[in-house]
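Generate coordinates for the sequence data below:
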Amino acid sequence: MVQQFKYLGAIISDQGSKLEVLARAAQTLTALSKLKPIWKDKNISVKCKVRFLRALVLSIFLYACDTWTLTAELQRRIQTLEMRCYRTILGISYLSHTSNDQVRTTIQQHIGPYDDLLTIVKERKLRWYGHVTRTDGFAKTVLQGTVEGRRRRGGQRKKWCDNIKEWTKKTFAETQALAHDRDRWRDLVHNSSRRRPNDSTQS
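As a prediction, the model looks like this:
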C-alpha cells in the first residue's frame, strides 16, 4: 500500500490531483525558462511566440489533464500559471503593475479570440467524460461504479465527477443521458467549459 505512485508519467495520489497539477506546473515553468532566448527575441512576433508557447510549453502542462479533479484552489493555480507564461513572452514584469485583464487584452490583440488554459482543461475533461459514457469498458465501470464502506467523517473530498456536475449545472443522471447525444453534448461542453464560477446561466 502506497500513498502515491507515478504511472505513465502522471502522479497518482490518495490526496487527489494537487501533487500532479503542481508537478506539471513546475515542469511547464522549467520548459518556459529554457526558451528564454525565443521570448526575448524582438525579431519573432508575439503571434509566433504564442504558437511556440502552446506547442512546446503548455502541452506539457495539459498532459493527462482530463483525469484531474480540480478544486477552486487548483483552478486559480492554473490561471496564475497561464498569466505567468504570457507575461514572460510579452516581457511584462509584475513590478509594472499591469493587470491580468490588460495582459489578456494584449494577447488577444495579437492572436484574436482564444480559449484560456482553464477552459481547455475543462473542455478536455468534459469531452473525455462524454466519450467514456458512450462506450462500454473498464473506464465506464470505474466511472459509474461504487465502493462498499462508509465515507470518512468531516468534509468530503471532491470527486472527479463533482467537476462535471459543477461545470454543467446538471445532475449525474442528466449528464449521462445528454452524453449519448453527441450534438447536444458538444454544445454543453462548449458552454460549460467557458462558464465562470459566478455565472449561474443554465445551458
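
May I ask which helix or strand of this protein has the lowest mean pLDDT?
The weakest-scoring helix or strand in the chain, judged by mean pLDDT, DSSP states H and E, is helix 138-144 (a mean of 66).

Give the next helix or strand downstream of it.
Downstream of helix 138-144, the next assigned helix or strand under DSSP states H and E is helix 160-168.

And the helix or strand that comes right after that next one, what does it pack against?
Using DSSP H and E, the next helix or strand after helix 160-168 towards the C-terminus is helix 172-179. Helix 172-179 is packed against helix 117-134, helix 160-168, helix 182-193, with contacts defined by 3 or more C-beta pairs under 8 Å, 6 or more residues apart in numbering; DSSP states H and E. (Glycine included, C-beta is placed from N, CA and C.)

In JSON lines, list those helices along with mean pLDDT.
Putting the helices and strands packed on helix 172-179 into JSON lines (pLDDT from 0 to 100) gives the following:
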{"stretch": "helix 117-134", "mean pLDDT": "93"}
{"stretch": "helix 160-168", "mean pLDDT": "91"}
{"stretch": "helix 182-193", "mean pLDDT": "93"}
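
Tell me which of those lies nearest to K40.
Across the helices and strands packed on helix 172-179, K40 has its closest neighbour in helix 117-134 (22.4 Å, C-beta to C-beta).

and for that closest one, what are the contacting residues?
Helix 117-134 is contacted from outside by 58, 61-62, 65-66, 68, 70, 75, 78-79, 81-82, 115, 139-140, 143, 161, 163-164, 167-168, 175-176, 179-180, 182, 185, 188-190, 192-194, using C-beta atoms under 8 Å, 6 or more residues apart in numbering.

Run the chain-centre distance for it.
9 Å (C-alpha atoms, centre = their mean, to the nearest Å).

again, but for stretch 91-109
21 Å.

And it, end to end?
16 Å (C-alpha to C-alpha, to the nearest Å).

try stretch 169-186
15 Å.

Ok, stretch 46-64 next?
28 Å.

In that stretch, which residues are buried?
By neighbour count on 16 or more other C-beta atoms under 10 Å, the buried set for stretch 46-64 is 46, 49-50, 53-54, 57-58, 61.

I'd assumed I12 was in a strand, is it?
Yes: residue state for I12 (DSSP: H, G, I helix; E, B strand; the rest coil) corresponds to a strand.

quick one: contacts for it?
With C-beta under 8 Å, 6+ apart, I12 has these contacts: 4-6, 20.

now do 6 Å
Counting by C-beta atoms under 6 Å, 6 or more residues apart in numbering, I12 touches F5.

Check the gap between it and I89 for me.
Remark: distance between I12 and I89 (C-beta to C-beta, to the nearest Å) = 32 Å.

Kindly report the same for R134.
Distance from R134 to I89, counting by C-beta to C-beta: 38 Å.

which of these two has more neighbours?
Neighbour comparison, R134 and I89: the larger count goes to I89, with 22 against 14 (by other C-beta atoms under 10 Å).

For the more buried one, pull up the helix or strand it's in.
helix 72-90.
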